[in-house]
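**Q** when you get a sec, could you give me coordinates for this:
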Amino acid sequence: MAAKKEAGAVVGWATECWPSVYFVLVQYGATEVFIFGSVLWKKAPGDLDLAVAGVPANLQLQIIGELEELTQKPIHLMLLETAPSGLVSFIYRFG
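**A** Now for the predicted structure:
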């Protein structure tokens, strides 16, 4: 399994925490992980937007809490299985 964007493509604090974030997601069963949103283009993003596949929906809030504690930043975690198809297509295409 590989993330859509490699850690080097992510700016600032997200680069430093990416290996740990990725590890947590894989531990919860993630089979695909995509970084998207402002962290890819802002110099000082305030949050981390992630889209994942393979994570049980009933654990989404638990994962968000764990990742927010780890990063000390707001986390937006989208489950690809339940996301709108247009958004999923966009993420698969552009990351």
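
**Q** show me what the longest helix along the chain is packed against.
**A** The longest helix of the chain (DSSP state H) is helix 13-27. Applying 3 or more CB pairs under 8 Å, 6 or more residues apart in numbering; DSSP states H and E, we find helix 13-27 packed against strand 32-36, strand 48-53, helix 60-71. Bear in mind the C-beta positions are built from the backbone N, C-alpha and C, glycine included.

**Q** and these as CSV, adding distance to G95?
**A** Output for these, formatted as CSV (distance: least, CB to CB, whole Å):
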stretch, distance to G95
strand 32-36, 6
strand 48-53, 9
helix 60-71, 18
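
**Q** tell me the most buried of these?
**A** strand 48-53 (a mean of 22; mean count of other CB atoms under 10 Å).

**Q** who does that one pair up with?
**A** Strand 48-53 has the following strand partners under DSSP bridges: strand 32-36 (antiparallel), strand 75-79 (parallel).

**Q** mean pLDDT lowest where, among the ones you listed?
**A** Confidence, taken as mean pLDDT, is least for strand 32-36 of the strands paired with strand 48-53 (a mean of 91).

**Q** just how off-centre is it within its chain?
**A** On the basis of CA atoms, centre = their mean, to the nearest Å, strand 32-36 sits 5 Å off its chain's mean C-alpha point.

**Q** now it - C-alpha only, PDB.
**A** The C-alpha trace of strand 32-36 is given here as PDB (Å, rounded to 0.1, in the frame of the first residue of the first chain):
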ATOM      1  CA  GLU A  32      -5.400   3.300   0.900                       C
ATOM      2  CA  VAL A  33      -4.400   6.700   2.300                       C
ATOM      3  CA  PHE A  34      -4.600  10.000   0.500                       C
ATOM      4  CA  ILE A  35      -3.600  13.400   1.700                       C
ATOM      5  CA  PHE A  36      -5.600  16.200   0.100                       C
END
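
**Q** can you give me the pLDDT of the residue nearest the centre of the chain?
**A** Taking CA atoms, centre = their mean, the centroid of the chain lies closest to L50, which sits 2.2 Å from it. Note on L50: pLDDT of 94.

**Q** please consider this matter closed, and thank you.
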